[in-house]
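K.L.:
Curious how this folds, go ahead:
(one chain, ligands or ions: 1)
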Amino acid sequence: MAAIPIDGTALARTLREGFRDRVTALAAAGHQPGLAVLLVGGDPASQVYVRNKVNACAAAGLLSERISLPADTGPEVLLARIRELNADPRIHGILVQLPLPRHFDETAVLDAVAPDKDVDGFHPENVGALVQGRARFIPCTPYGVLRMLEHAGVNPAGQEAVVIGRSNIVGKPMALLLTARDATVTVCHSRTRDLRCHTRRADLLVVATGRPRMVTGDMLKPGAVVIDVGINRGADGKLCGDVDYESCREVASRITPVPGGVGPMTITMLLENTIVAAERRAGIRS
Ligand code: GUN
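P.N.:
Prediction:
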């Protein structure tokens, strides 16, 4: 029997409707949530992601400021802009779109964002808090995945969870979050010797590799829940994930599509984190 899709677009819409009252209350109290998005250089995919983030802010009633800097911007200029935003009371969240051009030290840039405005959850203080199970901001993509699992009635406790990919943005925080929810977690990556032996044991499989359609149906345990974090453009110009949807849907019990799966949830959790930051500033939550 074919897997039931987990519809990220529908869940994102529901969650964003729920934001409306919180944003209205904050704005009435003089704390309209504000997000600054910094983009350095002209990478076409990053431009699309940033445009989607700014548009989502506008639709949800958040203030957004898009700051585009040329690719040859010096690191000091970017750091100075971040320091200005750290001190700007209209701005509650700061996001530096990654990847940065190669001459930047990405770690130094992320370290410069004030931890209480770090809505990506990438500052070491926030990463440390996440490791200890007392997260202040959960990175948006893994946070979106958790909310999708919750909505689909999938409880990770006691399950064999396999995460493919070990990035700071997705794989590592995803593994921590699933561990905190009592899954038994294995992290696989490009040097994993026998990937299939791990994926075949997975009750829950999260794939974040950036390699189009690399997970196929024959690699799955029957009935597995499959979460596809990938967004790739195939040779035919169409979007596809890191999971081969057609073969996997025949074996899995639940599966996220691409597009319409994790993507809309990532932006939704960015809005959520920015609203939370504004609520903390307004003193209505800790
Ligand atoms: N590039 C790809 N994903 C992300 C993300 O979640 N946050 C930022 N800042 N950049 C990204």
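K.L.:
How about the stretch 151-286 of the chain: which residue is closest to the ligand?
P.N.:
Ile169 (5.1 Å; CB to the nearest ligand atom). Using the backbone N, CA and C atoms, a C-beta is placed for each residue, glycine as well.
K.L.:
Show me which residues of the stretch 51-200 of the chain sit near the ligand.
P.N.:
By CB under 6 Å from any ligand atom, the residues of the stretch 51-200 of the chain that approach the ligand are Leu95, Val96, Gln97, Leu98, Asp120, Cys140, Thr141, Ile169.
K.L.:
ok, now which ones touch the residue in the stretch 1-150 of the chain positioned nearest to the ligand?
P.N.:
Residue nearest to the ligand within the stretch 1-150 of the chain (CB to the nearest ligand atom): Leu98, separated by 3.6 Å. Counting by CB atoms under 8 Å, 6 or more residues apart in numbering, Leu98 makes contact with Ser46, Glu106, Ile169.
K.L.:
per-residue pLDDT, the first one?
P.N.:
If I follow you right, that is Ser46. Confidence at Ser46, expressed as pLDDT, is 96.
K.L.:
quick one: it and Leu39 touch, right?
P.N.:
Yes: between Ser46 and Leu39 there is a contact under CB atoms under 8 Å: 6.0 Å.
K.L.:
Of the two, give the one with the bigger neighbour count.
P.N.:
More neighbours surround Leu39 than the other of Ser46 and Leu39, with 21 against 16 (other CB atoms under 10 Å).
K.L.:
partners of that one in the sheet?
P.N.:
Ser68 (DSSP bridges).
K.L.:
my read: it touches Arg66, true?
P.N.:
Yes: using CB under 8 Å, Leu39 is in contact with Arg66, at 7.0 Å.
K.L.:
Common neighbours of those two, please.
P.N.:
Residues touching both Leu39 and Arg66 (CB under 8 Å, 6+ apart) are Val50.
K.L.:
coming back round to it: just checking, which of the residues of the stretch 51-200 of the chain next to the ligand belong to helices?
P.N.:
Taking DSSP state H, the ones among those that sit in helices are Cys140, Thr141.
K.L.:
Check the residues of the stretch 51-200 of the chain next to the ligand against Ala224 and report the nearest one.
P.N.:
Proximity of those to Ala224 was ranked by CB to CB; the top entry is Thr141 with 19.9 Å.
K.L.:
mind listing what the closest one touches?
P.N.:
Counting by CB under 8 Å, 6+ apart, Thr141 has contacts Ile169, Val170, Met174, Ala208, Val229, Val262, Met265, Thr266, Met269.
K.L.:
Swap in 10 Å and give it another go.
P.N.:
Residues in contact with Thr141 (CB atoms under 10 Å, 6 or more residues apart in numbering) are 120, 167, 169-171, 173-174, 206, 208, 229, 262-263, 265-267, 269-270.
K.L.:
cool, and Arg280?
P.N.:
His31, His92, Asp116, Arg136, Ser286.
K.L.:
if I look at it, how far off is Pro89?
P.N.:
Applying CB to CB, to the nearest Å, the value for Arg280 to Pro89 is 13 Å.
K.L.:
Quickly list what's touching both of these two.
P.N.:
Residues touching both Arg280 and Pro89 by CB under 10 Å, 6+ apart: His31.
K.L.:
can I assume Arg134 is in contact with Val127?
P.N.:
No: counting by CB atoms under 10 Å, Arg134 stays clear of Val127, with 11.9 Å between them.
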